[in-house]
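Enquirer: Have a look at this prediction, sequence included:
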Amino acid sequence: MKRALKTICMMMLAFFVCTSAFAQERSWEELNARYKEIREQDEKGLNFTAIFDAIDIAQEALEVAERQFGPNDPRVAESLYYLAEAYNIGIDYAQAEPLYKRALTIYEKANQRETLAYARVLIGLGVLYSLQGKYGEGLIYYRQALDTIDKLPEPNTVELARLLDYMALTLEFEKGFAAAEPYYKRSIEVKEKVYGDVHPEVAEAISVLASQYRINEQFAESYRLYKEALAIYKKLYGKKDPKVAEYLESVGYYHYEQQEYGRAEPYYKEALKVWEKIYGPDETELCLHLVKQGQLYDAWGRYDKAADFYRRELAIKEKAFGKDDPKLIPSLKCLFTFYDTRKNFPQAERYYGRLFAIREREIEAGTIAWYELLRDYAGFFVRWGRWSKAEGLYRRLLVSYEDFPGKNWTFEAWIAERLADLCVLQRNNEEAEGFYYHALSAWEKVIVQEKESDKFIEFLDSMAIFFRSVGKEQEAELLEQRAEAIRVRLQQEKDKTPGSSRVPLPLLMGQLTTPYATSPSTLIRMVLARMTSSPSIARRA
């Protein structure tokens with residue numbers, strides 16, 4: 001009795017398990033609907049979680065279709081297409097290819113070659129090969145798909161529009177814009193028939209072709225199409241929509257690129273009004289568009305208006321973030337460059353000073369980035385002939401860099417030389433001499449680590465010229481003799497190298513024994529000539 005009861009229980013359990021499993025299995029139609037839902041939610045195929053979900057659903061739908069309808073049913077081909085599509089989006093071409101081809105075989109056996117479903121699989125194969133750079137193979141399948149769709153009673157479909165886009169892109173890669181142009185045009189015509197004249201897809205297709213014309217320097221056609229797309233967006237969204245503003249800027253930018261600034265201006269102005277209504281006149285989102293306005297007037301040569309837009313952009317950020325926030329750096333750079341290019345030193349210094357102060361707070365003192373910051377700021381004052389300001393920054397550099405671990409001695413020598421040069425320019429010869437000796441000490445360490453070089457010879461020559469200019473002939477002569485000896489050694493090393501050009505020794509000696517000019521004006525010209533040089537701060541490997 002117990003054994004019979006146990007058998008009955010086991011049979012009932014098995015029945016419930018089977019019933020439960022059957023109840024949990026989703027129908028082919030449900031799975032297809034779920035797959036399409038996932039694809040619509042992730043239309044661009046950029047979310048890999050969604051891609052993996054789509055693959056799982058499509059795989060399950062294929063298994064259900066094979067079980068319910070048999071292996072050669074067109075519904076199995078449809079599931080094969082969806083699974084191949086999901087693999088294709090997931091960049092798993094090896095998995096996708098045999099699925100597409102099996103789907104084609106099923107449709108062919110079912111005598112369904114002249115159907116949209118069959119064309120869809122051909123398009124999928126074309127995309128698969130094109131994505132792998134096999135444009136010729138891709139075009140074979142695209143053309144087969146186009147022939148199939150063109151024979152249908154109603155060929156103007158979404159699939160045809162997409163096919164034409166794919167063909168245009170592939171032909172452009174393979175053969176250039178001239179071959180692709182008819183397909184871009186036909187895509188627009190098909191989309192107008194499928195969606196109507198006033199639709200985002202139509203405007204986007206027109207815009208794509210406009211961009212292609214602009215890239216290929218067919219500016220009249222580009223301009224005409226940009227205006228066409230703009231008119232569609234205005235009808236769709238009204239005149240106060242971001243897409244409308246973007247297109248206004250696009251048309252304006254077309255004129256900007258052609259240096260037709262007067263024609264560009266009204267489009268930029270209208271775009272800015274739209275952005276101001278979208279964001280408000282004092283919101284940071286407006287800043288990018290203010291800079292674009294400034295760039296237009298800057299290129300046009302209307303510098304006062306350009307400066308107004310650049311300053312307005314900065315003022316909005318100052319109000320939002322405060323006057324010392326790092327987010328102001330791009331705006332300060334923009335204004336500094338604007339005034340520096342216009343040779344307006346007071347304004348350039350004003351914005352560079354603020355930029356320097358913000359960046360100095362950001363950067364840890366004593367790091368390479370910090371030294372570069374001081375070096376570049378000092379270089380700005382050198383370029384403008386503000387010697388005392390440059391000198392103060394170089395002094396900060398030198399004092400700090402003396403304690404820098406694993407330093408680049410060439411850079412320390414360079415700082416000391418710049419300070420010597422600045423002292424010469426300011427007629428402070430006593431301090432200049434001290435800095436020259438500091439530079440010489442650093443150079444001595446350079447040639448221990450590396451070897452004597454033409455750069456070291458140049459330094460010795462400069463130091464000798466300085467000593468002659470202040471009447472220290474003996475010191476100058478010793479430096480000249482050392483420079484001469486190094487030149488001879490370096491030339492001898494070159495002579496030993498096969499293929500090197502040899503300078504005759506008498507000529508070389510004649511060049512070395514030529515007396516250096518000693519007038520202060522000559523020395524200052526020499527100093528000014530080398531003030532803008534700037535070596536790397538990082539230690540050489």
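Expert: Here it is on my side, so go on. Numbering: from 1, shown residues only.

Enquirer: all contacts plus neighbour counts: C-alpha atoms, from now on.
Expert: Will do.

Enquirer: can you give me the helices for the stretch 1-150 of the chain?
Expert: Taking DSSP state H, counting those that start in this stretch, the helices of the stretch 1-150 of the chain run over residues 2-24, 28-41, 48-69, 74-89, 93-109, 116-131, 135-150.

Enquirer: Show me what counts as buried in the third one.
Expert: Neighbour-count burial for helix 48-69 flags 50-51, 53-55, 57-66 (criterion: 16 or more other Cα atoms under 10 Å).

Enquirer: which intervals of the stretch 51-200 of the chain have sub-threshold pLDDT?
Expert: Judged against pLDDT under 70, the stretch 51-200 of the chain has no low-scoring part.

Enquirer: which stretches of the stretch 301-450 of the chain form helices?
Expert: 303-321, 329-341, 345-362, 368-383, 387-401, 409-425, 429-449.

Enquirer: ok and the fourth one relative to helix 409-425, angle-wise?
Expert: For helix 368-383 against helix 409-425, the angle between stretch directions is 30 degrees (axes from the mean of the first three to the mean of the last three Cα atoms, to 10 degrees).

Enquirer: ditto for the shortest one
Expert: For helix 329-341 against helix 409-425, the angle between stretch directions is 40 degrees (the same axes, to 10 degrees).

Enquirer: model confidence over helix 329-341, on average?
Expert: Across helix 329-341, pLDDT averages out at 97.

Enquirer: what's in contact with the host helix or strand of Ala220?
Expert: Assessed by DSSP states H and E, Ala220 sits inside helix 219-237. Identification of contacts with helix 219-237 by Cα atoms under 8 Å, 6 or more residues apart in numbering yields 198-200, 202-204, 206-207, 209-214, 243-244, 247-248, 250-251, 254.

Enquirer: how about a cut-off of 7 Å?
Expert: Contacts to helix 219-237, defined as Cα atoms under 7 Å, 6 or more residues apart in numbering, come from residues 198, 203, 206-207, 210-211, 213-214, 243-244, 247, 251, 254.

Enquirer: Assign a three-state SS to Glu285, would you?
Expert: Of the three states, Glu285 takes helix under DSSP: H, G, I helix; E, B strand; the rest coil.

Enquirer: mind listing what it touches?
Expert: Glu285 neighbours (Cα under 7 Å, 6+ apart): Tyr279.

Enquirer: how near is it to Ala320?
Expert: Taking Cα to Cα, to the nearest Å as the measure, Glu285 falls 11 Å from Ala320.

Enquirer: now Glu433
Expert: Applying Cα to Cα to Glu433 and Ala320 gives a distance of 51 Å.

Enquirer: More neighbours: these two, which one.
Expert: With neighbours defined as other Cα atoms under 10 Å, Glu433 and Ala320 compare such that Glu433 has more, 21 against 14.

Enquirer: excluding its backbone neighbours, what's nearest the more buried one?
Expert: Distances taken as Cα to Cα, 6 or more residues apart in numbering put Ala420 closest to Glu433, at 6.9 Å, once the chain neighbours are dropped.

Enquirer: I figured the one you found hits Tyr437, correct?
Expert: No. In this structure, Ala420 is not within contact of Tyr437 by Cα atoms under 7 Å, at 9.3 Å.

Enquirer: out of those two, which sits in the more crowded spot?
Expert: Ala420 (28 against 17).

Enquirer: OK, contacts around that one?
Expert: Applying Cα under 7 Å, 6+ apart, the residues contacting Ala420 are Ala432, Glu433, Phe435, Tyr436.

Enquirer: Check what pLDDT it gets.
Expert: 94.

Enquirer: From Val198, how far off is it?
Expert: From Ala420 to Val198 the distance is 72 Å (Cα to Cα).

Enquirer: now do Lys327
Expert: Distance of Lys327 to Val198, computed by Cα to Cα: 41 Å.

Enquirer: ok so, going back, looking at the helices of the stretch 1-150 of the chain, which one is packed in the most?
Expert: When these are scored by mean count of other Cα atoms under 10 Å, the highest mean neighbour count falls to helix 74-89 (a mean of 26).

Enquirer: can you list the residues that contact that helix?
Expert: With contact meaning Cα under 7 Å, 6+ apart, helix 74-89 is reached by 45, 51, 54-55, 58-59, 61-62, 65-66, 93, 95-97, 99-100, 103, 106-107, 121, 124, 128.

Enquirer: thinking again about what came up before, now tabulate the helices of the stretch 301-450 of the chain in CSV and tack on distance to Val274.
Expert: Formatted as CSV, the helices of the stretch 301-450 of the chain follow (distance: least, Cα to Cα, whole Å):
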stretch, distance to Val274
helix 303-321, 16
helix 329-341, 22
helix 345-362, 30
helix 368-383, 40
helix 387-401, 46
helix 409-425, 52
helix 429-449, 60
